[in-house]
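Q: coords please:
(one chain, ligands or ions: 2)
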Amino acid sequence: MSKVAIVTGAAQGIGLAIAKRLYADGFKVAVLDYNEAVAQKAATELGEDAFAITADVSNREQIITAFDAVVDQFGDLDVVVNNAGIAPTTPIDTITPELFHKVYDINVGGVLWGTQAATAIFRKLGHGGKIINATSQAGIVGNPNLMLYSSSKFAVRGMTQIAARDLAEEEITVNAFAPGIVKTPMMMDIAHQVGKNAGKDDAWGLNTFAKDIAMKRLSEPEDVANVVAFLAGPDSNYITGQTIIVDGGIQFH
Ligand SMILES: NC(=O)C1=CN([C@@H]2O[C@H](COP(=O)(O)OP(=O)(O)OC[C@H]3O[C@@H](n4cnc5c(N)ncnc54)[C@H](O)[C@@H]3O)[C@@H](O)[C@H]2O)C=CC1
Ligand SMILES: CC(=O)C(C)=O
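A: Numbering: from 1, shown residues only. Ligands and ions are numbered 1, 2, ... in the order given. Alright, predicted model coming up:
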């Protein structure tokens, strides 16, 4: 029988690449996003064993309802990829309480509620499962201009370790992936903002991050999806609490 995966933030970028890869690997896939129209388009492109579900990962009730709807639709749940996130550029003196709460509610709250909802369902279904969280190379070493984002991704790494310890005896593994500089709308927006803040262009902004990549190329979303496919599949069954860095050689830990 096909396994079932939920991928959050799957309407575009890395999440879409993950959804496509898991679908190709034989999963039934729920494309969860708060952008309803784009999520719907993505699910339709995937095929008949995919469906779009609209929810904001920072809203606990919406996530519980959405995950339950996936089980109603597909009859099971095996893998949850907590991928959705936002990355505003935040020089320290520009940070407001509103922005602080927004970034932490989505990037940290989204992982927390996704972990909680997944765990409750795995228990109800009477089996284990895999929870896979999106952190970043910016969650390994602090990145300039990204106070809120980078620190929130440190938190995701911590939460991954804690949940792994707390859930191991229930055969639930919890791991994370840490991409580098990936060609997605998020990264292009950061490049634009960083360039603009310095009075330079987008290419300059991108290069402030890309110059440190040992492999000398930007990441495709599929580079990340390959690693998530490993974490979602049986070959990673004896791994938990780990963050796999997939950044072409930026951080060495
Ligand atoms: N692009 C990059 O270079 C890197 C990205 N990452 C992480 O990978 C993940 C995906 O990033 P990208 O694909 O680049 O971003 P993106 O901005 O291109 O796509 C993010 C998707 O998440 C959705 N989303 C955002 N907030 C949401 C919410 N509250 N509820 C539901 N859906 C929401 C958006 O609608 C969008 O479809 C993020 O967690 C990001 O922090 C990590 C390292 C590098
Ligand atoms: C967006 C991101 O995660 C970076 C720059 O590492």
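
Q: Could you check how far Tyr162 is from Leu112?
A: Quick fix: residue 162 reads Ile, not Tyr. Using Cβ to Cβ, to the nearest Å, one obtains 10 Å as the distance from Ile162 to Leu112. Every C-beta, even on glycine, is put in place using the N, C-alpha and C of the backbone.

Q: These two: which is more packed in?
A: Using other Cβ atoms under 10 Å as the criterion, Ile162 and Leu112 rank with Leu112 on top: 19 against 13.

Q: my read: that one touches Met159, true?
A: Yes: between Leu112 and Met159 there is a contact under Cβ atoms under 8 Å: 6.7 Å.

Q: who touches stretch 103-123?
A: The contact list for stretch 103-123 (Cβ atoms under 8 Å, 6 or more residues apart in numbering) reads 6, 8, 56-60, 63-64, 67-68, 71, 77, 80, 82, 84-86, 88, 90, 128-129, 131, 133, 148-149, 152-153, 155-156, 159, 163, 167, 170, 172, 174.

Q: give me that answer again for 6 Å
A: Counting contacts by Cβ atoms under 6 Å, 6 or more residues apart in numbering, the residues outside stretch 103-123 that touch it are 57-58, 60, 63-64, 67, 71, 77, 80, 82, 84-86, 129, 131, 133, 148, 152, 155-156, 159, 163, 172.

Q: Same list, these, but only the ones touching ligand 1.
A: With Cβ under 6 Å from any ligand atom as the criterion, these include Val57, Ser58, Ala84, Gly85, Ile86 near ligand 1.

Q: what helix or strand is Ala163 on?
A: Element membership of Ala163, judged by DSSP states H and E, is helix 147-167.

Q: So which bits of that helix are buried?
A: Buried residues in helix 147-167, counted by 16 or more other Cβ atoms under 10 Å: 147-157, 159-161, 163-164, 167.

Q: and if you look at stretch 95-109?
A: By 16+ other Cβ under 10 Å, the buried positions in stretch 95-109 come out as Lys102, Val103, Tyr104, Asp105, Ile106, Asn107, Val108, Gly109.

Q: Closest one of the residues you listed to ligand 1?
A: Among the buried residues of stretch 95-109, Ile106 lies closest to ligand 1 (Cβ to the nearest ligand atom), at 4.3 Å.
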